[in-house]
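Enquirer: Sequence and predicted structure are below.
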Amino acid sequence: MKRPLSKPFTPYYRGRFAPSPSGPLHYGSLVTAVASYLQARCNQGLWQLRIEDIDPPREQKGAVRHILSSLRAFGFDWDGAVLYQSHRLAYYRHIAEQLHKHHLAFYCECSRKQLINSPETRLGRLYEGRCRKLDLLPLTGRTLRMRVGEERIEFNDGVFGAQSYDLLAESSDYVVYRGDQLPSYTLAVSLDDLQQGYTELVRGADLLHLSARQLHLMQQFNRQPPQLLHIPIITDANGQKLSKQHYAAALDTRHRSFLLYCALKDLGQEPPKYLCYRSIARIWDWAYSHWQASLIAPEMSIKQGF
């Protein structure tokens, strides 16, 4: 299987696929992996694999091994060693402390019950700012929140186009370090994407609404943020998102040619029907020659194509 050579060399393109080990990969995971992989390879770039294993209660034994074997079975070839977020916990903690030290973040003692029952929450706001001026110490059980001002975060998404968010109204003072002494998804992902040098993030549209807070956090480090490209999430016949949380079926590698063909179809590409019966290598060769991200539908979700 050859990587594409038809497009100009883009030496600085770096992409990634970042599953969590909360279960095996499912068809929705495959669609995301295909999109990110083709964007990287068709731009002559690097594609890395990162395991987001920083939520132990949700992790499933053996999931990492299953993820790696599934990706190999479908012909994915990542660059370098697999990256693990669990190896960077001390770094996340250090950055959280620096954010607090420079008054960019504050500790909050509000319980989930207090937040749910607060007048602000009932008015549709996410957080009322109760602990902003208390100067609390970093005790166990307290979360660390970023100070958010009245500002708009604007960016252009590769599929959904121009985006504009009122950060205070839509994210409020978002959490960057949890009360159980683990980094939030926003902190870990934002730091990794900056430090690992990714130039474009290809991921599901269910994460589009989190982009504003991630870009806001990245701005604090005066680094160029990556471009964003969000693809429709895949749902079942009832409109339910395929996810590990909802026990989506694990990828069946016995039907990998058919599933890879369907993934390309669901990404708006037009692979010929005969590819269903060809080898994985043959399908990838076709995809390298025909991939166009501009064909991806700007829809939040689409039903799986089989």
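Expert: That came in fine, so what should we check first? These numbers come from a predicted model, not from an experiment.
Enquirer: rest of the way, CA atoms for contacts and neighbours
Expert: Noted.
Enquirer: from memory H26 sits against A249, does it?
Expert: Yes: assessed by Cα atoms under 8 Å, H26 is found in contact with A249 at 5.8 Å.
Enquirer: between these two, who's got more neighbours?
Expert: Neighbour count, other Cα atoms under 10 Å: between H26 and A249, H26 has more, with 19 against 15.
Enquirer: For the more buried one, give the beta-bridge partners.
Expert: Judged by DSSP bridges, the bridge partners of H26 are A250.
Enquirer: Per-residue pLDDT of it, please?
Expert: The confidence metric pLDDT takes the value 92 at H26.
Enquirer: quick one, strands of this structure?
Expert: 14-17, 46-51, 83-84, 105-108, 143-146, 152-157, 161-166, 175-177, 200-204, 227-231, 233-235, 301-303 (DSSP state E).
Enquirer: who are the neighbours of the fourth one, in terms of helices and strands?
Expert: I take that to be strand 105-108. Helices and strands touching strand 105-108, as assessed by 3 or more Cα pairs under 8 Å, 6 or more residues apart in numbering; DSSP states H and E, comprise helix 89-101, strand 143-146.
Enquirer: Deepest-packed of these, please.
Expert: strand 143-146 (a mean of 24; mean count of other Cα atoms under 10 Å).
Enquirer: Break down the protein into its helices, ranges please.
Expert: Here the chain has its helices, by DSSP state H, at 27-41, 63-73, 89-101, 112-117, 119-122, 167-170, 185-195, 211-219, 256-266, 280-290.
Enquirer: so where is the protein shaky, pLDDT-wise?
Expert: Within the chain, the ranges that satisfy pLDDT under 70 run 1-11, 114-126, 242-247.
Enquirer: Which of the helices of the chain sits closest to L136?
Expert: For L136, the closest of those is helix 89-101, at 10.4 Å, according to Cα to Cα.
Enquirer: quick revisit: please produce TSV containing the strands of the chain, extended by distance to F258.
Expert: Listed next are the strands of the chain as TSV, based on distance: least, Cα to Cα, whole Å:
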stretch	distance to F258
strand 14-17	21
strand 46-51	23
strand 83-84	29
strand 105-108	48
strand 143-146	45
strand 152-157	30
strand 161-166	31
strand 175-177	41
strand 200-204	22
strand 227-231	20
strand 233-235	16
strand 301-303	16
